[in-house]
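Q: any chance you can model this:
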Amino acid sequence: MTVSTEAIGKTYPAVVYAVGREKIREYAAAVGETNPLYFDVDAARTAGYADVVAPPMFVVVYAGRAISPALFDPDVGIDFANMLHAGQEFAWGSVVVAGEEVTTVTEVKDISERGGLGFYEFETRSHNQRGDLVCTGIWRQIVRGAASS
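A: Numbers count the residues shown, from 1 in each chain. As a prediction, the model looks like this:
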């Protein structure tokens, strides 16, 4: 398999996610969070937030939906049978709280090939309904078995 770099720079339609109070609570409980800001509306409001606060890694919920079209795009050409998740990096901005709508756009930042491996890097940019940046994510995948050019 030869890795194609034609999709570098390609962006995908924005995905809007309505952040729900119960989704935040379910996520926080599932990952073992105990901070009352993630569960208790009164605690969150006392701390100055409008509603319960989403844990930082809740980004995988709202941005995960936006990255899927890029991962499955034939122009990107990922061979899923040989794909390995290589990592993620996030830079957070404004805090996400229940009741907000987060819009995420995905871009193919880089595709390269080294040593028979395909390297894929995607960037997500998520903004709340006020236009505030809430998170920028870098998502990396490696595909084994890429042929050298």
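Q: all strands of this protein, in order?
A: In the chain, the strands defined using DSSP state E lie at 15-18, 83-92, 101-114, 117-127, 133-144.
Q: just these: most buried one?
A: Compared across the strands of the chain, strand 117-127 shows the largest average neighbour count, a mean of 21 (mean count of other CB atoms under 10 Å). (Each C-beta comes from the backbone N, C-alpha and C, glycine too.)
Q: which elements pack onto that strand?
A: Judged by 3 or more CB pairs under 8 Å, 6 or more residues apart in numbering; DSSP states H and E, strand 117-127 is in contact with helix 64-71, strand 101-114, strand 133-144.
Q: now for these, which one comes closest to residue 46?
A: strand 133-144 (22.1 Å; CB to CB).
Q: who's in contact with the nearest residue to residue 11 once chain neighbours are set aside?
A: Nearest residue to residue 11 in three dimensions, chain neighbours excluded: residue 107, at 4.7 Å (CB to CB, 6 or more residues apart in numbering). Taking CB atoms under 8 Å, 6 or more residues apart in numbering, we find residue 107 in contact with 9-12, 70, 122-125.
Q: I'd like the helices and strands packed on strand 117-127 laid out as a markdown table, including mean pLDDT and distance to residue 52.
A: Formatted as a markdown table, the helices and strands packed on strand 117-127 follow (pLDDT from 0 to 100; distance: least, CB to CB, whole Å):
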| stretch | mean pLDDT | distance to residue 52 |
| --- | --- | --- |
| helix 64-71 | 94 | 20 |
| strand 101-114 | 97 | 15 |
| strand 133-144 | 97 | 15 |
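Q: CSV for the ones you listed, including distance to residue 94?
A: CSV is the format used below for the helices and strands packed on strand 117-127 (distance: least, CB to CB, whole Å):
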stretch, distance to residue 94
helix 64-71, 17
strand 101-114, 10
strand 133-144, 5
